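Trainee: The following block contains a protein sequence and its predicted model.
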Amino acid sequence: MISYDLIKNTELRLLVTASESIHSLPEDQIQAMIQKIAALPPKGELEMIAALKDEQEQIQKSKLARGITPEVEQANNQENMKKVYRIKKDFQTVVRVEDEKVETTKDNAAAEEILTQLKNFK
């Protein structure tokens with residue numbers, strides 16, 4: 001799990017969490033990058049903030065050039081959230097059904113055991 005808490009500068013932390021270039025790295029490299037950023041002196045933090053802001057501007061310009069507006073992105077995000085919700089709901093349903101099958105099997109086995117004991121009691 002990636003921990004951003006190492007970065008004390010709030011603005012820098014927010015920019016790092018939004019950075020697409022940082023998040024394109026494997027998780028262990030992301031954490032190493034965060035540790036390096038957290039160790040920056042104040043001047044280095046300001047330079048990193050400027051670089052990350054520039055990155056965000058370039059990404060926005062690129063998206064706008066491709067016709068991806070904030071409204072389009074928001075609509076895509078909402079659609080993806082709906083898909084995730086449906087998958088989560090389906091998963092929970094499957095888990096619940098499987099748990100019920102296990103319980104039913106245990107209950108049936110216990111009932112059979114009781115019946116067997118009653119038959120042998122005679």
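Mentor: Structure's in. What do you need?
Trainee: Distance-wise, check Met48 relative to Ala18.
Mentor: For Met48, the distance to Ala18 equals 13 Å [CB to CB, to the nearest Å]. For glycine as for every other residue, the C-beta is placed from the backbone atoms N, C-alpha and C.
Trainee: Please read the previous query as pertaining to Met81.
Mentor: According to CB to CB, Met81 and Ala18 sit 18 Å apart.
Trainee: Between the two, which is the more surrounded one?
Mentor: Of the pair Met81 and Ala18, Ala18 is the one with more neighbours under other CB atoms under 10 Å, namely 13 against 10.
Trainee: out of everything not next to it in sequence, what's closest to the more buried one?
Mentor: Closest residue to Ala18 apart from its sequence neighbours, by CB to CB, 6 or more residues apart in numbering: Gln56 at 6.7 Å.
Trainee: Output the strand or helix carrying that neighbour as PDB, nothing but the C-alphas.
Mentor: Gln56 belongs to helix 42-65 when assigned by DSSP states H and E. Taking Å, rounded to 0.1, in the frame of the first residue of the first chain, the C-alpha atoms of helix 42-65 are listed here in PDB:
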ATOM      1  CA  PRO A  42      12.200  23.300   1.100                       C
ATOM      2  CA  LYS A  43      13.700  24.700  -2.100                       C
ATOM      3  CA  GLY A  44      13.500  21.200  -3.700                       C
ATOM      4  CA  GLU A  45       9.900  21.000  -2.600                       C
ATOM      5  CA  LEU A  46       9.100  24.200  -4.400                       C
ATOM      6  CA  GLU A  47      10.800  23.000  -7.600                       C
ATOM      7  CA  MET A  48       9.000  19.700  -7.400                       C
ATOM      8  CA  ILE A  49       5.600  21.500  -6.900                       C
ATOM      9  CA  ALA A  50       6.400  23.600 -10.000                       C
ATOM     10  CA  ALA A  51       7.300  20.500 -12.000                       C
ATOM     11  CA  LEU A  52       4.200  18.700 -11.000                       C
ATOM     12  CA  LYS A  53       2.000  21.700 -11.700                       C
ATOM     13  CA  ASP A  54       3.600  21.900 -15.200                       C
ATOM     14  CA  GLU A  55       2.900  18.200 -15.700                       C
ATOM     15  CA  GLN A  56      -0.800  18.700 -14.800                       C
ATOM     16  CA  GLU A  57      -1.100  21.600 -17.200                       C
ATOM     17  CA  GLN A  58       0.500  19.600 -20.000                       C
ATOM     18  CA  ILE A  59      -1.800  16.700 -19.400                       C
ATOM     19  CA  GLN A  60      -4.800  19.000 -19.400                       C
ATOM     20  CA  LYS A  61      -3.700  20.600 -22.700                       C
ATOM     21  CA  SER A  62      -3.200  17.200 -24.200                       C
ATOM     22  CA  LYS A  63      -6.600  16.000 -23.100                       C
ATOM     23  CA  LEU A  64      -8.300  19.100 -24.400                       C
ATOM     24  CA  ALA A  65      -6.500  18.700 -27.700                       C
END
